[in-house]
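S.K.: have a look; sequence and predicted model below, questions after that.
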Amino acid sequence: MMQSYKDYPKLNNDRINFSKISGNLPLPYLVEIQTESYKSFLETGINEALVDIFPIENYNKSLSIEYHSGGFRLETPKYNPLQCKEKDLTFSSSLKVKLYLNDKMTGELKESEVFMGEIPLMTESGTFIINGAERVIVSQIVRSPGAYLAKTFDTKLGKYIYNADLIPGRGTWLQFESDIKNFLWVRIDRQRKMPATILLKALGFEKDEDILELFGDRDWLKQTLEKDSDSKTSLKALKEIFKKLKPGEPITDEGVHTFLVHKFFDDKTYDLGIAGRFKYKQKLGIYNRLIDRILAEDLFSAEGELKYRKGTLLTKEIIDSLQDEDFFEKGACAHQLTVNDKLDNHNIVTIVKVYANDKKDLVSNVIGTDLNLTEPRVTIPDIVALFSYFMNLMDGFGSTDDIDHLSNRRIRCVGELIQNEFRKGLSKMAKNVTSKMSITIGENKDLTPQSLINVRPLGSAIREFFATSQLSQFMDQINPLAELANKRRISALGPGGLARDRASMEVRDVHFTHYGRICPIETPEGQNIGLINNLATYAKIDRYGFIETPYRKYDKNTGKILEDAVYLSANDENDHVIAQATNDIKGDTFISDKVVSRFNGKNILADKKDVDFVDESPIQIVSVAAACIPFLEHDDNTRALMGANMQRQALPLLRPHAPYVGTGLEHKIATDCGLAVVAINDGVVTYSDSKTIKVMEEKGERTYQLQKFERSNQGTCINQTSIVHKGDKVKKGQIIADGPSMENGDLALGQNVTIAFMTWEGYNYEDAVIMSERLVKDDVYTTIHIESYEVECRDTKNGEEMITPDVPNISMESKAHLDNDGIVIIGTEVKEGDILVGKVTPKGSSEPSPETKLLDAIFGDKSKDGKDSSLRVPHGGAGTVLDVKIFTRENGDELNPGVKKKVRVYVVQKRKISEGDKMSGRH
C-alpha cells in the first residue's frame, strides 16, 4: 500500500519531510564560528595578551609597570548597534586596565586604572559595526605549527632527498635537510645552510661519539661530522652559527648564547600557539612512531617491570593500550641528556631501540620528545626528537606529511586574528613605554602608569586591522543566505596565508579530509577558486583550530548504530572505517552485510563488522548554500557550484515566497542569519503591529522593535514584518518577525513560477529567458532599493558654506519640494537632477571690503556672492525620499574636522524586472 503524504513527518510551516535519511543531530548554531571565537577573545584573549607583554621594564630594570592577571574590565558601550549605524560610529567598548608602577629603588608601588583604547564589540549576529558599516572578519585557514617531514625522489640521480621542518606559530623556523651526497644540513630562519651537527654541538652534544651513539652510527652522520671538524666545543659551535647568520658583527661569549636563546628558547620571541605543543607531541612523541615496529630491546615500565620482550611487533592495539595508561609519561625509557643549560634546561627524552627493517639487521634509536612538556616554545628535547625522526626517515621508516591534509591546516577565527593584532599593538606600545621610562628616570616622583602609557599604537593597530585587512570585509548583505555564507567563509589568503598568484593546483584542489569539514562545491569561479571555501553544514572548530565533523559510533558487539554524535578532526579519523549515511539502515542496524564506506580517503565496500563510525547526515558534506539545492546529487558539479553561488545574488523581492520544494534548511538559515526577529524567551504576544511586538514573559513584558525600510550594505531593503498576532504563544528561538527574503520564518529567495522548457522563436537562445507580462505587472519580481546621498557643510577659506533654499539661479518651481531649511521633504517623488539639499558655497573671487562684510553681517545676503553646490539626484537615482537625517555638533554627533553640519537623504526605488536583468534557478 502506498504511503499517504499525511504519514510523513512535518517541518516548519507544515512542510512535509520526505527524506529517507535524516540524522537525529540538530544543526549547530550556524554563526558559532564567529560568536564563540570572539567571546573567548573578550574573556581570555585580552588577558593572555596583557600577561604576555607585561611587566614592562626600563633599560636598567629599576622601574617596571606590572599587570596582574584578570585586572581589566570592558565598560558598557555608549551606543547600541542601531545607533552606531545611524551615527556612523564604531560599536565598541572602552578597555580599562589596572596597572602598577613598581619603583625597585624605593620599593614604592603606585596603582592606577589606565584607559587602553576602544575594543570593537561583535553584534549578536556575528558582525562588527565600524564607522557605521557592518563588517565581517573572515576566518583564515593556515598551515598549523608543528613538525613536518618530507622526502622527494630525484629522478636524475635515483635518490631520495629528505627534509624535516620545525614550524612555530611565531618565531624562527628550523629546517634539517639532506643533499644528493648524503650530507646533513641545517637552516635557521631560512638563511644559509650549515652542517646539521653544528647545531647539535651548540645544544651541548660536544663529542662526536656521543652524537653517533645517540642518533645511530650512520655513514651520512659520520661524513657530516667530518665536514664540521672545527667546532669541537659548544661555545665554538655557537660562534660558528653566529658568524654564519650575523656576518661582520662582533662576537662575544655572552652574545652568542643570547643570540640562540632569542632565536628559539625565549617565550617573548618564540610561540607555538595553542595548537603547536599539541602537534609537536603528536608528531615527535614516541607513541605514533613505534606503531608496526619490532622491538630491538626489552621494554620496561618506569617501575622496572618487563612489559614486552625484544622481537615483539608493536601493533596499533598495543600502542593504544600503552597510551591509555600513560606508559611513557610516567617515565618509562626516559633518558637525561647532557645539554647546554645556558640555552635551555629541559633535558628529558624517551629512547626506544627498534629494528629499522624486517630483516632485523639494522637497529635504530627512536627518540621521542618529553611528553610532559607544556612550554609554549621549542625545547632541546623537541629539536633532538626532530633530528631523530629525520634520521629514522633516512633509515626507511616513519611517515611523511601531506600539507594539504586538514590535520596540518588550522583555522584562525576572528578572536585569534584580533588577539594577534592586539598583541602587536601592545608590543609597539611597550617599546615606547620602555624608552620613556628610561628617559624620565630622574623624575620618578610624579610618574604614574597613566603618564607613561600612550595607547595610540594599540588603537591604531586595531583600527587598521578592521579598516584595511584583507580578512576584514564589507558584509555581503544582499540576502540572508549571502550574509550567512560570508560569516562561514574560510580564506587561505591574507597575512600569513597564501598569495593567489603563487598558489598551486594541489592547494586549491578538493582533499579527502574536506569531507564533512569544507564544502567541495561552494567556491568562487575566478582566480580565487579553491582558496576561498565555506564551512560544511555540521562542521565545528575545536579548541586547537582544527575542523571537526560529527559521526555516529557503531557498536561492533551489538551491531547497532548509536544515537550520540562524536565530533572527529581529520587526524582522529585516520585508520577508521566510516560508513556512508546512504547505506540501507533499518532502525539502528545495517540491512546488508557489506556497506559502502571510506577508509583513509579511499572508498571501499566493507564488512559491517569492520565499521567504526557512520556519517551523521548526507548534507554534512556540503555548505549551507549548496544544501539549499534540492536533488543536489543529480546535478553536474559545475552547475551545483553556480547554483550555490548564484543563490547568494538573489535580491529580496517585494512579496517573497518560500519554495514549494525545499530541503528543510530554509527555516534554520532564516533563524540563524540575524535578519529575522527571534523570541528570546517563551511567552504570549500582547501586542503586534508593523513596528513593534510585545511579548509577556515570566519575568515581565519584553518589547521587540522591528527594522523598517533600512538600507543594507548593498543598497537592498531590510524590512522586518511581524508574523505573530495578539494572543499567540511563542517559544524561545521562534521567529516572530520575518526579515528580507523570508516568508513565515522560511528563507524565500525567489518565486514559484511555472516554467516551460521549449523554444520560442529563438528568443530564448542559450541563457535567455522569456517572461510573461503578468510577472512584471503583478510585481512578482519587483525589488526595493535604497540609496543614501549625503552632503557636508564646511568652513572654507572664503567663509562658511550654507544649507539654504535660497540657491542662486534656480527657479521657484525647482525648489518647491524643499523645506524652509533647504532640505527635501520626506515622501517627495524626485527625478534625476532634482535638488535634494540646497547648498551655497562662498565664491573666492576677492577679499571683501570692510563695508561689504558689514552689510553681509547686517542683511545676511550671501547668496548673490555664492556658488550653487547643492546635492542633486544622480543619473538613475530617481525615486521617493524615504528619510532625512541631519547631523550637527549641537546634537552631540561626531563630525569630521571642519564639518559644521551633515545631511543624509535616503531615496527608495521600486524597480520592476526589465530586459537585461539576470535570472537563475537553483540548478
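M.R.: Received, thanks. Numbers count the residues shown, from 1 in each chain.

S.K.: any idea how far Ser491 is from the most centrally placed residue in the chain?
M.R.: Residue closest to the average C-alpha location in the chain (CA atoms, centre = their mean): Ser139, at 1.8 Å. Note on Ser139: its distance to Ser491, by CB to CB, to the nearest Å, is 7 Å. Placement of C-beta: from N, CA and C, glycine included.

S.K.: how about Gln419?
M.R.: For Gln419, the distance to Ser491 - CB to CB - is 18 Å.

S.K.: so which bits of the helix or strand containing Ala275 are buried?
M.R.: Per DSSP states H and E: Ala275 is located in helix 273-284. Across helix 273-284, burial judged by 16 or more other CB atoms under 10 Å covers Gly273, Ile274, Ala275, Gly276, Arg277, Phe278, Lys279, Tyr280, Lys281, Lys283, Leu284.

S.K.: please apply the same query to stretch 894-902.
M.R.: For stretch 894-902, the neighbour count (16+ other CB under 10 Å) marks Leu895, Val899, Lys900, Lys901, Lys902 as buried.

S.K.: what of stretch 560-573?
M.R.: Neighbour counts over stretch 560-573 (16+ other CB under 10 Å) mark Ile561, Ala565, Tyr567, Leu568, Ser569, Ala570, Asn571, Asp572, Glu573 as buried.

S.K.: verify the stated contact: the fifth one with Asp542.
M.R.: Yes: proximity of Ser569 to Asp542 meets the contact threshold set by CB atoms under 8 Å, at 6.0 Å.

S.K.: who touches both of the two?
M.R.: Glu548 (CB atoms under 8 Å, 6 or more residues apart in numbering).

S.K.: just the helices from the stretch 601-750 of the chain, written as ranges.
M.R.: 637-647, 666-672 (DSSP state H, counting those that start in this stretch).

S.K.: er, the stretch 101-250 of the chain I mean
M.R.: With DSSP H, counting those that start in this stretch, the ranges of helices along the stretch 101-250 of the chain come out as 196-202, 208-215, 219-227, 234-245.

S.K.: who touches the last one?
M.R.: Under the criterion CB under 8 Å, 6+ apart, residues 188-189, 191-192, 194, 198-199, 201-204, 206, 230-231, 249, 251, 253, 255-257, 259-260, 340 lie in contact with helix 234-245.

S.K.: mind checking which helix or strand of this structure has the lowest mean pLDDT?
M.R.: helix 850-859 (a mean of 75; mean pLDDT, DSSP states H and E).

S.K.: would you mark the buried spots in that one?
M.R.: By neighbour count with 16+ other CB under 10 Å, helix 850-859 contains the buried residues Asp856.

S.K.: about what we covered before: deepest-packed of the helices of the stretch 601-750 of the chain, please.
M.R.: Stretch with highest mean neighbour count among the helices of the stretch 601-750 of the chain: helix 666-672 (a mean of 24; mean count of other CB atoms under 10 Å).

S.K.: what angle do whichever helix in the chain runs longest and helix 273-284 make?
M.R.: For the chain, the helix that runs over the most residues, judged by DSSP state H, is helix 414-439. With axes from the mean of the first three to the mean of the last three CA atoms, to 10 degrees defining the directions, helix 414-439 sits at 110 degrees from helix 273-284.

S.K.: can you give me how far the next helix or strand after helix 414-439 is from the chain middle?
M.R.: Tracing the chain C-terminally past helix 414-439 and defining elements by DSSP H and E, one meets helix 449-452 next. For helix 449-452, the separation from the chain centroid amounts to 35 Å (computed by CA atoms, centre = their mean, to the nearest Å).

S.K.: ok, and what's touching helix 449-452?
M.R.: Ile65, Leu99, Tyr100, Leu101, Lys110, Glu111, Ser112, Val114, Val433, Lys436, Met437, Thr440.

S.K.: so who does the residue nearest to the fourth one when sequence neighbours are not counted touch?
M.R.: So that's Leu101. Among residues not flanking Leu101 along the chain, Lys110 sits closest, at 4.3 Å (CB to CB, 6 or more residues apart in numbering). Neighbour list for Lys110: Tyr100, Leu101, Asp103, Leu447, Thr448, Pro449 [criterion: CB under 8 Å, 6+ apart].

S.K.: then Leu225?
M.R.: Thr197, Asp208, Ile211, Leu212.

S.K.: end-to-end on stretch 265-277?
M.R.: Distance between the two ends of stretch 265-277: 14 Å, counting by CA to CA, to the nearest Å.

S.K.: so what touches it?
M.R.: 52, 144-146, 168-172, 262-264, 280, 343-344, 373-379, 410, 543-546.

S.K.: among those residues, the buried ones, what's the PyMOL command?
M.R.: Buried residues within the contacts of stretch 265-277, by 16+ other CB under 10 Å, are selected in PyMOL with:
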select buried, resi 52+144+145+146+168+169+170+171+172+263+264+280+343+344+373+375+376+377+378+379+410+544+545+546
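
S.K.: with only the CA atoms kept, save stretch 788-798 in CSV.
M.R.: The C-alpha trace of stretch 788-798 is given here as CSV (Å, rounded to 0.1, in the frame of the first residue of the first chain):
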residue,chain,number,x,y,z
SER,A,788,21.8,57.2,0.5
TYR,A,789,23.2,60.6,-0.6
GLU,A,790,25.0,63.0,1.8
VAL,A,791,26.3,66.5,1.8
GLU,A,792,28.6,68.2,4.2
CYS,A,793,28.6,71.9,5.2
ARG,A,794,32.2,73.0,5.8
ASP,A,795,34.2,76.1,6.8
THR,A,796,36.1,77.2,3.7
LYS,A,797,38.8,79.8,3.5
ASN,A,798,36.2,82.1,1.8
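
S.K.: what residues sit buried inside that stretch?
M.R.: Tyr789, Val791, Glu792, Cys793, Arg794, Asn798.

S.K.: can you give me the neighbour number for the spatially closest residue to Ala150 that is not a sequence neighbour?
M.R.: Leaving aside its sequence neighbours, Ala150 sits nearest to Asn163 (CB to CB, 6+ apart; 4.6 Å). Other residues near Asn163 come to 17 when the count uses other CB atoms under 10 Å.
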